[in-house]
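A.B. asks: Pasting the sequence and the predicted model now:
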Amino acid sequence: HTSLMTRQKLRELGWEVLMHPPYSPDIAPSDYHFFRSLQNSLNGIKLVSKEACENHLIQFFNQKPQKFFTDGIMALPEKWRNIVDNNGAYL
């Protein structure tokens, strides 16, 4: 997602332009701390309406302490480092 003009200017300056995807194919977004917990909260639950879904989500968010979200975010660099250290292999 870089413009042609930007890539050309970087080459003029002698910089190597590395091509990369807009997201990491090695890390599934659905595997993040938050989504695993949300999925677990939905086990065995049948949401029969949009309102039921909204109510469940409100309750889910309200029951989580701030530390839950902070811990999930703070764990990401180690997760990324493990993937880099293992040559892109998802663990």
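C.D. replies: Perfect, I can see it now.

A.B. asks: Next one, pLDDT for Glu54 please.
C.D. replies: We have a pLDDT of 96 for Glu54.

A.B. asks: Also Asn86?
C.D. replies: 81.

A.B. asks: how much space between the residue lying farthest from the centre of the chain and Pro77?
C.D. replies: No residue in the chain sits farther from the centre than Glu12, which is 34.2 Å out by C-alpha atoms, centre = their mean. Noted for Glu12: a distance of 33 Å to Pro77, by C-beta to C-beta, to the nearest Å. Heads up, the C-betas are built off the backbone N, CA and C, glycines and all.

A.B. asks: Count the neighbours of the closest residue to Ser41 other than its chain neighbours for me.
C.D. replies: Leaving out its chain neighbours, the residue that sits closest to Ser41 by C-beta to C-beta, 6 or more residues apart in numbering is Phe60, at 5.2 Å. For Phe60, the count of nearby residues is 14 (other C-beta atoms under 10 Å).

A.B. asks: Test my guess that Phe60 contacts Ile45.
C.D. replies: No. Taking C-beta atoms under 8 Å as the definition, Phe60 is not a contact partner of Ile45, at 10.6 Å.
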